[in-house]
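Colleague: 3D, please:
(one chain, ligands or ions: 1)
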Amino acid sequence: MRISAWSLRLTVLSLGQWFRNSLMREQLEEIRERALAELGDDAGDAQIEAVRVRVLGRSGELTGIMRRMREAPPEERPAIGRLVNEIKDQLEARIAALVEIRKREAMARSLNAAALDVTLPGARIARGSLHPVTLSRERMLDIFAAMGFEIIDTQDVEDDFHNFGALNFPADHPAREMQDTFFLPGGMLLRTHTSNGQIRVMERRRPPLAVVCPGNCYRRDELSVRASPMFSQIEGFMVDRAGAVTMAHLKGVLTEFLRAFFGSDTGVRFRASFFPFTEPSAEVDISCLLCKGAGCRVCKQSGWTEILGSGMIHPNVLRAVGYDPKEYQGFAFGMGVERTSLLRLGVDDLRLFFENDLRFLEQFRSASEGAL
Ligand code: PHE
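Modeller: Just a heads-up that it's a prediction; the model follows:
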C-alpha cells in the first residue's frame with residue numbers, strides 16, 4: 001500500500017492531535033485523581049477549600065483545560081467537554097458531601113461540649129416550708145377557732161393607754177419604765193404583750209365576744225436561751241353577760257386547748273397569781289413533757305412547766321372600754337408562742353428559732369406538710 005505524502009502528513013497530524021487529545025484526557029484524569037486523593041475522608045475545611053479553588057475555581061485547572069479546548073480536534077471537543085463536566089460534577093459532589101460531614105462533626109463537637117453529664121447529681125430545688133413557730137401559731141389558732149373563737153389582729157405600735165393604762169397598770173408599774181419597754185418618739189411604744197388586743201377589740205365591739213389576738217410583742221431583753229427582745233403571743237378572751245362566763249369556763253377552755261395542743265394525757269394545773277388586768281389571776285402549768293410529771297432537770301424536779309397567764313378580766317379593764325362590770329364579765333389569757341412551741345417541739349434554746357439555720361428549720365418541714 002502506497003502511502004501518499006499527504007496521507008502521511010495527515011496521519012502524523014492526527015497522531016499529534018491524538019497525542020494532544022490523550023494528553024488532555026490524561027491531564028483531566030490526573031486532575032481528578034489528585035483532587036479525589038486530596039478530598040479524602042480526613043480532609044479538613046482548609047484543604048477542601050484549597051482543592052476547590054485550585055481545581056474548580058475561575059482560574060482553576062478545569063477552566064485551564066477548557067481554555068485549551070481549541071487545541072483539540074473539533075470532533076473530540078464534545079467528549080473532552082463532557083469529561084470536564086463529569087469531573088467537575090464529581091468533585092463538586094464530593095466537596096459538598098465532605099463539607100456536610102465536617103459540618104455535622106462540628107455540630108456534634110459543640111453539642112458534646114455543651115452536653116449534660118447525666119451522671120452528675122442534680123441541683124436540688126430547695127422547697128420552702130413554714131417556720132416552726134408559724135406552724136405552732138397556726139395550730140394554736142386552729143384549736144381556738146374550732147372552739148368558736150374569732151381571730152383578730154391588732155397593732156404592734158401602741159400608746160400607753162392601750163398597752164398599760166386601760167389594763168389597770170398603776171402609774172408606777174415597773175413595766176412602764178424605760179428598761180423594760182421600747183418607747184418610740186411621739187409617746188408611742190412597742191406593745192409588751194398582746195393584752196392591748198383586749199382593749200382594742202372591746203372598745204369597738206360589744207359582748208358576747210370570744211376572740212384570740214395573735215401578734216408580736218417587744219421587751220428590752222437580751223436574746224438568750226429563754227428570752228428574746230421580740231417574740232409572739234396569743235391573747236384570748238371571752239366576755240358575756242355577768243355569770244355567763246366564769247372561772248370554770250376559763251379552766252374548761254384552757255384545759256381543752258392545752259390537751260389538744262400537747263396531747264390528751266397532759267396534766268393541767270391552775271395556780272393563783274397576779275396580773276394588774278385580771279382578778280382573780282391564775283398561772284397555768286402543764287405536766288412536764290419530758291418527765292411526764294415525775295420531776296427532772298428541765299422542770300427543776302417540780303414535774304410542772306409554766307405555760308400561760310390568765311384570769312377574770314378586772315372590772316377596771318371593763319370600765320376602761322365602756323363596759324359596765326355589773327353587766328358584763330369575762331376571762332382572758334395570754335401565752336408565748338415561741339415558748340409554747342419550744343416545749344411542744346422539744347427545742348431547748350429559744351435562739352434557734354431566730355437564727356434561721358436551715359439545718360434546724362428543715363427538721364420541721366414535715367410539720368408544714370401536715371404531719372405534725
Ligand atoms: N399579758 C400577760 C403576759 O404578757 C399574759 C396574760 C394575758 C395574763 C391575759 C392574764 C390575762 O404575761
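
Colleague: within range of the ligand, give me the residues from this structure.
Modeller: 193, 195, 235, 275, 278, 309-311, 332-334 (C-beta under 6 Å from any ligand atom). (Glycine included, C-beta is placed from N, CA and C.)

Colleague: who are the packing partners of the lengthiest helix in the chain?
Modeller: Ranked by number of residues, the top helix in the chain under DSSP state H is helix 77-113. Packing partners of helix 77-113 (3 or more C-beta pairs under 8 Å, 6 or more residues apart in numbering; DSSP states H and E): helix 5-38, helix 45-51, helix 61-67.

Colleague: so which bits of that helix are buried?
Modeller: Across helix 77-113, burial judged by 16 or more other C-beta atoms under 10 Å covers 77, 80, 83-84, 87-88, 91, 94-95, 98.

Colleague: got it, and stretch 225-234?
Modeller: 228, 231-234.

Colleague: can you tell me which of the residues you listed are in helices?
Modeller: Per DSSP H, the buried residues of stretch 225-234 never map to helices.

Colleague: which of those lies closest to the ligand?
Modeller: Q233 (6.2 Å; C-beta to the nearest ligand atom).

Colleague: got a list of what the closest one touches?
Modeller: 193-194, 214-215, 217, 334-337 (C-beta atoms under 8 Å, 6 or more residues apart in numbering).

Colleague: which residues in the stretch 101-250 of the chain form helices?
Modeller: 132-146, 160-163, 196-204, 247-262 (DSSP state H, counting those that start in this stretch).

Colleague: among the helices and strands packed on helix 77-113, which gets the worst mean confidence?
Modeller: Lowest mean pLDDT within the helices and strands packed on helix 77-113: helix 5-38, a mean of 73.

Colleague: that older thread, adding pLDDT, write the buried residues of stretch 225-234 out as a markdown table.
Modeller: As requested, these are arranged in a markdown table below (pLDDT from 0 to 100):
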| residue | pLDDT |
| --- | --- |
| S228 | 93 |
| F231 | 95 |
| S232 | 96 |
| Q233 | 97 |
| I234 | 98 |
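
Colleague: export those residues to a markdown table and tack on distance to E49?
Modeller: Shown next, in a markdown table, are the buried residues of stretch 225-234 (distance: C-beta to C-beta, whole Å):
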| residue | distance to E49 |
| --- | --- |
| S228 | 76 |
| F231 | 78 |
| S232 | 76 |
| Q233 | 82 |
| I234 | 81 |
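
Colleague: just those: which are in strands?
Modeller: 231-234 (DSSP state E).

Colleague: residues contacting the closest residue to E92 other than its chain neighbours?
Modeller: Nearest non-adjacent residue to E92, counting by C-beta to C-beta, 6 or more residues apart in numbering: L56, 6.7 Å away. Contact analysis of L56 by C-beta under 8 Å, 6+ apart lists 62, 88, 91-92, 95.

Colleague: ok, 7 Å please
Modeller: Counting by C-beta atoms under 7 Å, 6 or more residues apart in numbering, L56 touches 62, 88, 91-92.

Colleague: and if you look at R365?
Modeller: Contacts here follow C-beta under 7 Å, 6+ apart; on that basis R365 touches S129.

Colleague: now the residue of the stretch 101-250 of the chain found nearest the ligand. Its backbone dihedrals?
Modeller: In the stretch 101-250 of the chain, the residue that lies nearest the ligand is H193 (3.4 Å; C-beta to the nearest ligand atom). The phi and psi values for H193, taken as degrees, to the nearest 10, are phi -160, psi 170.

Colleague: help me confirm that it comes into contact with F333.
Modeller: No - assessed by C-beta atoms under 7 Å, H193 is found out of contact with F333, at 11.5 Å.

Colleague: circling back to that earlier point, now tabulate the helices of the stretch 101-250 of the chain in a markdown table and tack on mean neighbour count.
Modeller: Formatted as a markdown table, the helices of the stretch 101-250 of the chain follow (neighbours: other C-beta atoms under 10 Å):
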| stretch | mean neighbour count |
| --- | --- |
| helix 132-146 | 18 |
| helix 160-163 | 19 |
| helix 196-204 | 21 |
| helix 247-262 | 18 |
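
Colleague: let's have these in a markdown table, adding distance to T181.
Modeller: Formatted as a markdown table, the helices of the stretch 101-250 of the chain follow (distance: least, C-beta to C-beta, whole Å):
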| stretch | distance to T181 |
| --- | --- |
| helix 132-146 | 23 |
| helix 160-163 | 8 |
| helix 196-204 | 12 |
| helix 247-262 | 27 |
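
Colleague: so how far is L318 from G309?
Modeller: Using C-beta to C-beta, to the nearest Å, G309 is found at 18 Å from L318.

Colleague: what bridges to the residue lying closest to E338 once chain neighbours are set aside?
Modeller: Of all residues not flanking E338 in the chain, F231 sits nearest, at 5.1 Å (C-beta to C-beta, 6+ apart). Counting by DSSP bridges, F231 is bridged to C217.

Colleague: likewise the one 10 residues further on?
Modeller: Under the criterion DSSP bridges, R241 forms beta bridges with Y328.

Colleague: my read: it touches Y328, true?
Modeller: Yes - taking contacts as C-beta under 7 Å, R241 lies within contact range of Y328: 6.5 Å.

Colleague: neighbour count winner among these two?
Modeller: Y328 (22 against 12; other C-beta atoms under 10 Å).

Colleague: which residues of the stretch 201-350 of the chain fall in strands?
Modeller: 209-218, 230-241, 268-275, 278-287, 304-313, 328-336 (DSSP state E, counting those that start in this stretch).
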